[in-house]
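Q: sequence and predicted model, in that order:
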Amino acid sequence: MGNYDIRNDLRYSKEDEWVRSEAKGVTIGISDYAQQQLGDVVFVELPEVGRILEKGEPLGVIESVKTVADLFAPISGEVLEANSGLGEGPEAINDDCYGEGWMLVLSVADASEVEALLDRAGYLQHIKDREDQGT
């Protein structure tokens with residue numbers, strides 16, 4: 001398995017988004033594993049502030065030199081903030097996916113959805129299983 005920075009203080013979706021609980025809601029981005037698989041990110045399309053997202057719903061698109069991929073809502077909630085800096089500097093996702101490369105802040109519609117996400121160990125196992133299957 002590759003060398004990925006998977007943090008203990010975050011929760012993860014099987015679609016490779018991370019979630020960090022904060023006072024204002026949850027901040028969301030893509031994991032180090034995902035950004036390494038994508039390669040150099042060149043474009044990100046994020047939803048408008050105020051949009052209501054349902055868990056599992058496509059919320060935007062990320063484009064890299066290798067591919068174009070959908071982004072999925074790891075939980076349900078309202079978009080409180082979108083990282084407008086990614087429009088001018090999408091490479092922040094590659095440089096600092098857990099910091100400057102964050103994508104959204106969502107309100108939390110159902111706290112149990114956050115708890116149901118994978119912890120570090122579960123996400124690392126999910127990555128290993130995918131790599132073992134060659135996907």
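A: Thanks, I have the structure now.
Q: any regions of this structure where pLDDT drops low?
A: 1, 135 (pLDDT under 70).
Q: so which residues of it form strands?
A: Applying DSSP state E to the chain gives strands spanning 11-12, 17-22, 25-30, 41-45, 52-53, 58-64, 68-72, 77-82, 104-106.
Q: would TSV of the ones you listed with mean neighbour count and distance to Ala116 be doable?
A: C-betas here are computed from N, CA, C, even on glycine. Shown next, in TSV, are those (neighbours: other CB atoms under 10 Å; distance: least, CB to CB, whole Å):
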stretch	mean neighbour count	distance to Ala116
strand 11-12	24	9
strand 17-22	19	11
strand 25-30	24	13
strand 41-45	18	26
strand 52-53	18	16
strand 58-64	18	18
strand 68-72	16	14
strand 77-82	19	14
strand 104-106	25	15
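Q: tell me which of these lies nearest to Asp5.
A: Among the strands of the chain, the nearest to Asp5 by CB to CB is strand 17-22 (10.6 Å).
Q: mind listing residues that contact the closest one?
A: Contact with strand 17-22 is made by 7, 9-13, 26-31, 34, 71-72, 74-75, 97-98, 105, 108, 114, 117, as judged by CB atoms under 8 Å, 6 or more residues apart in numbering.
Q: switch to 10 Å and redo it
A: Outside strand 17-22, the residues that touch it by CB atoms under 10 Å, 6 or more residues apart in numbering are 6-7, 9-13, 25-34, 59, 71-75, 97-98, 102-106, 108, 111, 113-115, 117-118, 123.
Q: Ile6 touches Ala121, doesn't it?
A: Yes - between Ile6 and Ala121 there is a contact at 9.1 Å, judged by CB atoms under 10 Å.
Q: which one's more surrounded, those two?
A: With neighbours defined as other CB atoms under 10 Å, Ile6 and Ala121 compare such that Ile6 has more, 18 against 10.
Q: residues contacting that one?
A: Contacts for Ile6 (CB under 10 Å, 6+ apart) come out as 12, 18, 31-33, 98, 118-121, 123-124, 127.
Q: would you format these as CSV with distance to Glu91 included?
A: Formatted as CSV, the contacts of Ile6 follow (distance: CB to CB, whole Å):
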residue, distance to Glu91
Tyr12, 22
Trp18, 18
Ser31, 17
Asp32, 14
Tyr33, 18
Tyr98, 15
Leu118, 27
Asp119, 29
Arg120, 25
Ala121, 30
Tyr123, 24
Leu124, 26
Ile127, 23
